[in-house]
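Q: what follows is a protein structure lacking sequence information:
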């Protein structure tokens, strides 16, 4: 796996041509595997003999993984994504109430207001400059980051630092010293957030988690609290940030598909689902570990092997999505059902925040293209810098022009 990442789709196609499961070399020369095919990945994600707890990671358990390994946080952070069985159900139940369909639906007016305000800022920035604006930095990022921080009771002043640190934590191209430093700084910042909420509880999820810990006699330990906050912040904004970025990029590059949505022949939610399939915001997610030698699609995955979930590959698997799987099509049959793709997971670890991510992206696209119907990329797609690392799948920036022929501001 290239630590620097890049567009995964050409490599995915080559790997899928060989089979649904591939051996990979992770950063630092660590041997791993990736499950790429849609059907194989669906089976793997729900398999009873596949664990998330890093005690099943053979090389880590034997002390052969250094502290500064760039993917170590994915394996060792204490929280839902690294827990199994009763522990997983306990941790998931503590936050599930914040992401029910009813609670998410109640957030819609607030998200619509925030979205409109951010678009005001986008228009001002374009008018004050040369008519272009980085939509990723000014819109796709602050929308989900603001929403998840509001849910968690995190002060606005922490948001930029949280994004910077979480980006380094999930990157796969960081050096050992940088990886350790970013993790320590992020944990320290989250401890500050938790301490503030403990001192002044509010109507937010962090306060509720602290209350559950304090009232439940250790039901949620300190490391689990910090780990849960870390996971919620990273998953609560990084995935949606990439989803919005990828959707805008796809619709700009496929004006016919944008036209279908704007004419009502498809919905904005259809554009979101097709983006999730066609250009998954998460490319390869670490880790799961077979608790016994496991045969998947004819390939043996040895017990204790760290396995990547290849979401971006599964989304374009022709055996599941047809011979035109490489084509972006908002009218694709089955586009309105999550069963058509696995980009938000499957099985017991299915993404709790999926309804929120879908709503945020749908509102973002509808407001954006309603307000700026001629919005287009300001640079060729090939010139967009890629997101660092092979976990997230997106571009690092998204320069757009809101209106064609916009002249630079006077002065």
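A: Right, received. Where do you want to start? Being a predicted model, the structure only gives us computed values, none of them experimental.
Q: okay, strands next: where are they in the stretch 251-400 of the chain?
A: Taking DSSP state E, counting those that start in this stretch, the strands of the stretch 251-400 of the chain run over residues 284-290, 294-296, 299-301, 307-310, 376-377, 399-401.
Q: how about the stretch 101-250 of the chain?
A: Using DSSP E, counting those that start in this stretch, the strands of the stretch 101-250 of the chain run over residues 132-134.
Q: what residue ranges in it score low on pLDDT?
A: Applying pLDDT under 70 to the stretch 101-250 of the chain flags residues 213-218.
Q: still on that earlier bit, packed most tightly, which of the strands of the stretch 251-400 of the chain would that be?
A: Of these, the one with the most neighbours on average (mean count of other Cβ atoms under 10 Å) is strand 307-310, at a mean of 26. C-betas here are computed from N, CA, C, even on glycine.
Q: roughly how far out does that strand sit from the chain middle?
A: Centroid separation for strand 307-310 versus its chain: 14 Å, with Cα atoms, centre = their mean, to the nearest Å.
Q: which residues sit against it?
A: Here strand 307-310 makes contact (Cβ atoms under 8 Å, 6 or more residues apart in numbering) with 1, 12, 24, 32-36, 41, 44-45, 50, 283-290, 301, 342, 345.
Q: just send the strands of the stretch 251-400 of the chain back as a markdown table, with distance to residue 219 too.
A: Rendered in a markdown table, the data for the strands of the stretch 251-400 of the chain read as follows (distance: least, Cβ to Cβ, whole Å):
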| stretch | distance to residue 219 |
| --- | --- |
| strand 284-290 | 26 |
| strand 294-296 | 33 |
| strand 299-301 | 34 |
| strand 307-310 | 29 |
| strand 376-377 | 49 |
| strand 399-401 | 46 |
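Q: OK, contacts around residue 289?
A: Counting by Cβ under 8 Å, 6+ apart, residue 289 touches 50-54, 56-58, 303-307.
Q: just grab the bridge partners of it for me.
A: residue 51 (DSSP bridges).
Q: from residue 347, how far off is it?
A: Distance from residue 289 to residue 347, counting by Cβ to Cβ, to the nearest Å: 15 Å.
Q: equivalent analysis for residue 223, please.
A: To residue 347, residue 223 is 25 Å away according to Cβ to Cβ.
Q: what does residue 121 give?
A: 39 Å.
Q: hmm, back to that, I'd like the strands of the stretch 251-400 of the chain as JSON lines, with distance to residue 101 and mean pLDDT appended.
A: Formatted as JSON lines, the strands of the stretch 251-400 of the chain follow (distance: least, Cβ to Cβ, whole Å; pLDDT from 0 to 100):
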{"stretch": "strand 284-290", "distance to residue 101": "24", "mean pLDDT": "96"}
{"stretch": "strand 294-296", "distance to residue 101": "33", "mean pLDDT": "97"}
{"stretch": "strand 299-301", "distance to residue 101": "35", "mean pLDDT": "97"}
{"stretch": "strand 307-310", "distance to residue 101": "25", "mean pLDDT": "97"}
{"stretch": "strand 376-377", "distance to residue 101": "35", "mean pLDDT": "96"}
{"stretch": "strand 399-401", "distance to residue 101": "32", "mean pLDDT": "97"}
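Q: show me where pLDDT drops low in the stretch 251-400 of the chain?
A: Scanning the stretch 251-400 of the chain with the threshold set as pLDDT under 70 gives 334-339.
Q: ok, now with 90
A: For the stretch 251-400 of the chain, applying pLDDT under 90 flags the ranges 332-340, 381-383, 386-389.
Q: quick one, helices of it?
A: 255-262, 268-278, 311-315, 318-321, 354-371 (DSSP state H, counting those that start in this stretch).
Q: with the stretch 51-200 of the chain instead?
A: Going by DSSP H, counting those that start in this stretch, the stretch 51-200 of the chain shows helices at 58-61, 72-76, 85-96, 101-106, 108-128, 135, 142-152, 159-170, 176-199.
Q: and the angle for the last one with helix 142-152?
A: Spelled out, that is helix 176-199. Per axes from the mean of the first three to the mean of the last three Cα atoms, to 10 degrees, the angle that helix 176-199 makes with helix 142-152 is 50 degrees.
Q: what packs against helix 176-199?
A: helix 72-76, helix 159-170, helix 205-215, helix 222-253 (3 or more Cβ pairs under 8 Å, 6 or more residues apart in numbering; DSSP states H and E).
Q: go again using 6 Å as the cut-off
A: Other elements packing on helix 176-199 under the criterion 3 or more Cβ pairs under 6 Å, 6 or more residues apart in numbering; DSSP states H and E are helix 159-170, helix 205-215, helix 222-253.
Q: as CSV, the ones you listed with distance to residue 365 and mean neighbour count would be great.
A: Listed next are the helices and strands packed on helix 176-199 as CSV, based on distance: least, Cβ to Cβ, whole Å; neighbours: other Cβ atoms under 10 Å:
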stretch, distance to residue 365, mean neighbour count
helix 159-170, 21, 19
helix 205-215, 26, 18
helix 222-253, 6, 23
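Q: looking at these, which is nearest to residue 78?
A: Proximity to residue 78, assessed across these by Cβ to Cβ, is greatest for helix 222-253 (3.7 Å).
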